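[1] Coordinates for the following, if possible.
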Amino acid sequence: MNGCPPLDGIRVVEHTHALAGRTAGALLADLGAEVIQVPVAGRSVSPEDPARVWSDRRKVLRSVGSGPGEERAEVRRLLPLADVFVSDLPPARLESMMLDAISLRVSQPRLVHVWMPPYGTEGRESYLAADPLILAALSGYADTHPSGADRPVAPVVPTFSYVHGVIASAAATAALVGRERSGGGNAVRVSGLDAMGAVLGSLMISHDSGRSFLSVGRDIKGAPYFRLYQGSDGSWFYLAALSPAIFARALVAVDRIELMVRDDVAGEFANLLEPGVRQSVNAALEETFASLPTDEWLRILRDAEVPVAPVWSRDRWKAEGVGPAARLCHFDHPLLGPLTVPGPSIDLPATPLLADSSAPPSWGTNKGDWRLASVESSAPDAQAAPLPLDGLRIVDMSSFYAGPFGGALLADFGAHVVKVEPTDGDPYRVFAVSYAMVNQRKSVAALDLTDETARAAFLQMLARSDAMLDNLLPQSWERLGLGESTILEANPDLARCSISAFGEGNDWSAAPGFDPVLQAMTGLAIAQGGPRAPAPSSAPVVDAVTGALAAVGTLAGLFAKARWGVAQHVRTSLASGAVLVQSGEMTSYRGRPPAPEGSADFLGPDPGRRLYRTADHWLAIATSSDSQRRDMLDALGHADWSALDDAALGSAFEKQLATAPSALWLELLAAAGVAAARVLDHNTGIADRYLAVNEFSHLLEVPGHGTCRVVRNFSHWEGGPARTARAPAPGADTVDVLLEAGVEGHVVQELLSRGIAGSPGA
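    Take a look at the predicted model:
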């Protein structure tokens, strides 16, 4: 089967209505699964919806009646022949159609059931119609976005909807891996709030005492080491020096290292977040960077190996041919003609994702007809493990956020993940609570791999592992004496996934990078704030989606290995992630509408989908049609405003909504069937009531910081046991990990005594 996509032969029924669910189906289709979509309420592809054109390009689309009875009948006809069922129906609706996991388990114990509720599962807000603006409000995303006017900001690109879809596709693939091992199918819930936990987890943290962490908040300028600057030519670039060592290199390169020895900084990286210090250092660096053109600063900083990038438009990114933009795929769309979409986001060399296609699946009745197909018997005694990856051992060699988040997902799915760090720890430990959140279900070992004995012990670990995840540059592996051939010799069956910043084979391939670097380069920052005021999100959405892609790649590699004995080195990149979360915006065809553009402190695209200030709180209102906008006008008692243009109508809404508290408007809008929600204030954050009833967070004891509230997990497996969480100290599990790998005790003691291995008790 070498050369086939990893999910070749897998059948998926997708019953979805929003972008997140369609993205999950799209990625499963790219992995080779045959996906039949039974759209909710009979909705079909529209040339006015480029994201839907992208997500449905490989699927067989079933045309059914508009009523739930027709939908249910078609879904239930297909499910006995399917391997995976994906649905994004809100709570109660799934159960009312008897398509929930409990209803289906008895007759189909091998079915993988993936439920993607748009928000949470508890509380009135969970029943609202799916809309990215509502999720941005409920989760706090809108009120954590950088803002010059100190107010919430509406997202222009629904990046977190794509993140939601990729996490769900990872969960589906994990369940397929588990089914290969146990015979039974798992049921998993990945909600919109779970996806937001991935995106906001590094920002939404608090002391249980109520004390706040020092941060830049919504300051549009950000921290001196992690923000946009302008060169003397007025063009923008992003400096991403996210650790003390990297920032020191940057300051040396620009001849401003004295800023770290000022009395108010005193060499402490954390002091740069103190408001007065932050403003002063920001001003000093702004003055420095205004002295030379941006291209010159890019050269200077790149020569110093500092992550830095220019701010480009999407068109410029495509023209430069960096990363997946150089691998655009082309289709002959049956309705729209020639179609160009971003290239594959994951590189599986032995079992590649599907790429170009001159003949996508027919949308008629001949393709996707499974009635006569032979399928494996749904043995009634098939039993899934509580967590699908239970018993698998995965080595996580990554640092900062993207790679560790991929490992966090694999641990969330039940794998035993061992994070191997240098003896001085992951540089991300400088942000101790964020580090603890993303690594809370891993074992942590510390090894100095420049030492020959430590390398030998590490290779023993790999020999007993099933997979490895890393984000080291290729030259770093070679410098360590751990090249590809050495790792293959240690474990030829290892499923390996590597994350880079820019992918391979381009001028940026050897450069380091962080999330906002790719937001800047791929056009996200300009799309949000406009060319004069580009505005990358402070939430690491690119890191989150890239980590999720790495999890998908690792699991696809494990699935291919289990089925066909194919071990391979899978790759993905931050560039791939940044493009994936703009897939609809980067899809081209004749007659497509222009991609939406934002502006400084963007509030929404039109009066019916916008953020509004009431007498006490901000509200998100999301009408989805002209009839809903009329319902909104009726609810507010102003049907006569229907003749106003958008500017005048927005102004009228602003004035009226500011006259009364949010509770009144929510009641009136709910009665009219208009989706609306209060914007979660960043000061309330993770302690919000709605998040609490949906079990968004839990308490974690973090050494040096006390009891902290952090995001709990990113998926919910039916029947899955409670998973132990902790804040792992550097090298907390080194001894246990090495002994379990078969390293002899006297060797472990030698490593500890020489400081080549780290352990708290050493």
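
[2] Report the buried residues of stretch 582-599.
    Going by neighbour count (16 or more other Cβ atoms under 10 Å), the buried part of stretch 582-599 is 582-587, 589, 592, 595, 598. Every residue, glycine included, has its C-beta placed from N, CA and C.

[3] now swap in stretch 166-183 and tell me
    166-179, 181-183.

[4] Out of the buried residues of stretch 582-599, the closest to residue 307 would be?
    residue 582 (20.4 Å; Cβ to Cβ).

[5] Against residue 509, how distant is the closest one?
    Separation of residue 582 from residue 509 (Cβ to Cβ, to the nearest Å): 21 Å.

[6] residue at max distance from the center of this protein?
    residue 640 (43.2 Å; Cα atoms, centre = their mean).

[7] Helix, strand, or coil at that one?
    Following DSSP: H, G, I helix; E, B strand; the rest coil, the label given to residue 640 is helix.

[8] Residue 584 too?
    coil.

[9] Where does the prediction get shaky in the stretch 201-350 of the chain?
    212, 214, 325 (pLDDT under 70).

[10] cool, the chain as well?
    1-2, 41-45, 63-68, 212, 214, 325, 356-382, 761-762.

[11] per the record, what domains does it have?
    1-216+318-605+695-762, 243-306, 609-678 (automatic domain parsing).

[12] what's the most buried one of those?
    Stretch with highest mean neighbour count among the domains of the chain: domain 1-216+318-605+695-762 (a mean of 21; mean count of other Cβ atoms under 10 Å).

[13] Tell me how far residue 341 lies from residue 496.
    Residue 341 is 27 Å from residue 496, by Cβ to Cβ.

[14] same deal with residue 710?
    Taken as Cβ to Cβ, the span from residue 710 to residue 496 is 29 Å.

[15] cool, and residue 128?
    42 Å.

[16] before we move on, what about residue 81?
    Applying Cβ to Cβ to residue 81 and residue 496 gives a distance of 34 Å.

[17] Next: residue 319.
    Distance from residue 319 to residue 496, by Cβ to Cβ: 33 Å.

[18] Surely residue 649 and residue 607 touch.
    Yes - using Cβ atoms under 8 Å, residue 649 makes contact with residue 607 at a distance of 4.3 Å.

[19] so what's residue 684 up against?
    residue 140 (Cβ atoms under 8 Å, 6 or more residues apart in numbering).

[20] cool, and residue 52?
    Contacts of residue 52 (Cβ under 8 Å, 6+ apart): 19, 22, 45-46, 584.

[21] same deal with residue 91?
    117, 121-122, 126-127.

[22] what about stretch 607-619, how long is it end to end?
    12 Å (Cα to Cα, to the nearest Å).

[23] tell me the secondary structure for residue 296?
    From three-state DSSP, the assignment for residue 296 is helix.

[24] Angles on the backbone of the nearest residue to it once chain neighbours are set aside, please.
    Leaving out its chain neighbours, the residue that sits closest to residue 296 by Cβ to Cβ, 6 or more residues apart in numbering is residue 231, at 7.2 Å. For residue 231, the backbone dihedrals (degrees, to the nearest 10) come out as phi -80, psi -180.

[25] What about residue 231, how many residues nearby?
    19 (other Cβ atoms under 10 Å).

[26] Quick one: residues contacting it.
    237, 289-290, 292-297 are the contacts of residue 231 under Cβ under 8 Å, 6+ apart.

[27] again, only this time at 6 Å
    For residue 231, the contact set (Cβ atoms under 6 Å, 6 or more residues apart in numbering) comprises 289, 293-294, 297.

[28] doesn't residue 136 make contact with residue 155?
    Yes - contact criterion Cβ atoms under 6 Å: residue 155 and residue 136 qualify, at 5.3 Å.

[29] Reformat the contacts of residue 91 as TSV; add distance to residue 485 and secondary structure.
    Shown next, in TSV, are the contacts of residue 91 (distance: Cβ to Cβ, whole Å; DSSP: H, G, I helix; E, B strand; the rest coil):
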residue	distance to residue 485	secondary structure
117	47	coil
121	49	coil
122	52	coil
126	52	helix
127	56	helix
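
[30] ok, of those residues, which one's closest to residue 333?
    Nearest member of these to residue 333, counting by Cβ to Cβ, is residue 117, at 30.8 Å.

[31] So the nearest residue to the closest one once chain neighbours are set aside versus residue 114, what's the distance?
    Spatial nearest neighbour of residue 117, chain neighbours left out: residue 191 (4.7 Å); criterion: Cβ to Cβ, 6+ apart. Distance of residue 191 to residue 114, given as Cβ to Cβ: 11 Å.

[32] same thing with residue 20?
    In terms of Cβ to Cβ, residue 20 sits 11 Å off from residue 114.

[33] Over to residue 753?
    49 Å.

[34] try residue 195
    For residue 195, the distance to residue 114 - Cβ to Cβ - is 13 Å.

[35] same check, this time on residue 4
    Distance from residue 4 to residue 114, by Cβ to Cβ: 23 Å.

[36] Same check on residue 727?
    Counting by Cβ to Cβ, the gap from residue 727 to residue 114 is 30 Å.

[37] now residue 18
    14 Å.

[38] quick one: contacts of stretch 267-275?
    214, 224, 244, 260, 265, 277.
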